[in-house]
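J.: Turn this into a model:
(2 chains)
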Number of protein chains: 2
Amino acid sequence: MFIDLKLTDMVHEILKGKIREGDTVVDATVGNGNDTLFLARAVGKTGKVIGFDIQKKALHQTQNKLIQEALADRVLLIHDSHSNMDQYIKEPIHGAMFNLGYLPQGDKNIITKADTTIEALKKVCSLLLTGAFITIISYWGHQGGLEEKEAVEDFLTKLEAKKYICAKFNYLNREGCPPIIYFLQRL
Amino acid sequence: MFIDLKLTDMVHEILKGKIREGDTVVDATVGNGNDTLFLARAVGKTGKVIGFDIQKKALHQTQNKLIQEALADRVLLIHDSHSNMDQYIKEPIHGAMFNLGYLPQGDKNIITKADTTIEALKKVCSLLLTGAFITIISYWGHQGGLEEKEAVEDFLTKLEAKKYICAKFNYLNREGCPPIIYFLQRL
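T.: Numbers count the residues shown, from 1 in each chain, chains lettered A, B, ... in the order given. This is a model prediction of the structure:
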């Protein structure tokens, strides 16, 4: 693995060694389902993936992919905002993945937004087991993206260092608005 | 692997999948020899590691460690500044590692400095094969450290995006001057 990978693949490479069979993990932004499928494979038959999306189309397509790959048994897809995840998740979790922006090949007017993203992050943080992770890929070139990115970075920067490690991976010499990865680990 | 690792270990984890047997690599700052030993193992019997340090003590200690681990056959240690590496390296290389700052448990007045570090980076860049890497861990809490860090970041930010990918990994919620990793890949 090195930095010529797509960021989504880079995050998968990093998490491969981190997620274990039997883990309970959250895909906070199901979207095209790539992370959901990755998580479903990583947690194995005894694990659990809980996925959220506000777009039915995204959930429907992902459910079909899960069935095709015989992974649907361990995945619960919820048609609601990740900012309501506390209504559905009552158990501690081993990690969560976020992809912020809009659904690729979807309606570019339907985007994740600063306030609900921060709400979701706060709720995820309260669910994390010791050692658990959050990864956030932030696509921020669209309208509202910069505001969301700044809110996320501000939120992570202010988290208590005794409880959380927060870090950022960003490109230095790319034009435009290259995506960013944020990492969090619960200590 | 996740972000609770020491940065030196994190870089080793990342490079493990990148360096291959038979590769030629450079340890631009031998120091305590940890990277030299890591590189010597990674390139195998058919590979080559070229290490630089301006402190004889660092080279001497590292040579002893290499002999103990039966790795000395593939390592050339050079007592000179990495900014003169073009005098010693005439072949293209697969990668280079830098640790910027001072030698741990050594003389804290002997530090890497902005001008020679940038000179070394320029020379390394001209030696890199397609796909080759540079990793730089920047410790910058000491006097002159900030200046060096800014010079490195400025250098990487201005590199041509068609030829190089440059990226940065930094902590968000740690006080003081937490170390930073810079990554470069030759396209």
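
J.: For chain A, give the strand that spans the most residues.
T.: strand A:128-138 (DSSP state E).

J.: Paired strands for that strand, with orientation please.
T.: strand A:93-100 (parallel), strand A:180-186 (antiparallel) (DSSP bridges).

J.: residues near residue A:144, how many?
T.: 14 (other CB atoms under 10 Å in any protein chain shown). Bear in mind the C-beta positions are built from the backbone N, C-alpha and C, glycine included.

J.: tell me the contacts of it?
T.: A:111, A:113, A:114 (CB atoms under 8 Å, 6 or more residues apart in numbering or on different chains).

J.: just residue A:138 next, same as before
T.: A:100, A:101, A:145, A:148, A:149, A:152, A:179, A:180, A:181, A:182.

J.: how about 6 Å then?
T.: A:100, A:149, A:180 (CB atoms under 6 Å, 6 or more residues apart in numbering or on different chains).

J.: Just the closest of the contacts of residue A:144 to chain B, please.
T.: Distance to chain B across the contacts of residue A:144 (CB to the nearest CB) is lowest for residue A:114, with 16.9 Å.

J.: what's the burial count for the closest one?
T.: For residue A:114, using other CB under 10 Å, the count is 19.

J.: what does chain A have sitting close to chain B?
T.: A:1-4, A:17-18, A:133, A:156-157, A:159, A:161, A:165-174, A:183, A:185 (CB under 6 Å from any CB of the partner chain).

J.: Among these, name the buried ones.
T.: A:1-3, A:18, A:133, A:156, A:159, A:165-173, A:183, A:185 (16 or more other CB atoms under 10 Å in any protein chain shown).

J.: circling back: could the strands paired with strand A:128-138 be laid out in JSON lines, adding mean pLDDT?
T.: JSON lines is the format used below for the strands paired with strand A:128-138 (pLDDT from 0 to 100):
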{"stretch": "strand A:93-100", "mean pLDDT": "97"}
{"stretch": "strand A:180-186", "mean pLDDT": "98"}
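
J.: neighbouring contacts of stretch A:75-87?
T.: Residues contacting stretch A:75-87 (CB under 6 Å, 6+ apart): A:28, A:40, A:49-52, A:54, A:56, A:59, A:63, A:66, A:88, A:116, A:119-120, A:123.

J.: Next, the distance between the ends of it.
T.: 17 Å (CA to CA, to the nearest Å).

J.: How about stretch A:106-124?
T.: First-to-last residue span, stretch A:106-124, CA to CA: 26 Å.

J.: can you give me the strands in chain A?
T.: Under DSSP E, chain A gives strands at A:24-27, A:48-53, A:75-79, A:93-100, A:128-138, A:164-171, A:180-186.

J.: Not counting its neighbours along the chain, what's nearest residue A:103?
T.: residue A:31 (4.9 Å; CB to CB, 6 or more residues apart in numbering or on different chains).

J.: cool, residue A:45 as well?
T.: Residue A:45's closest residue in space is residue A:74 (CB to CB, 6+ apart), at 6.5 Å.

J.: Spit out the contact partners of the one you found.
T.: A:40, A:47, A:48.

J.: Of those - the most surrounded one?
T.: residue A:40 (27 neighbours).

J.: can you tell me how far the residue lying closest to that one once chain neighbours are set aside sits from residue A:63?
T.: Once flanking residues are discounted, residue A:40 sits nearest to residue A:71: 4.0 Å by CB to CB, 6+ apart. Going from residue A:71 to residue A:63 by CB to CB, to the nearest Å gives 10 Å.
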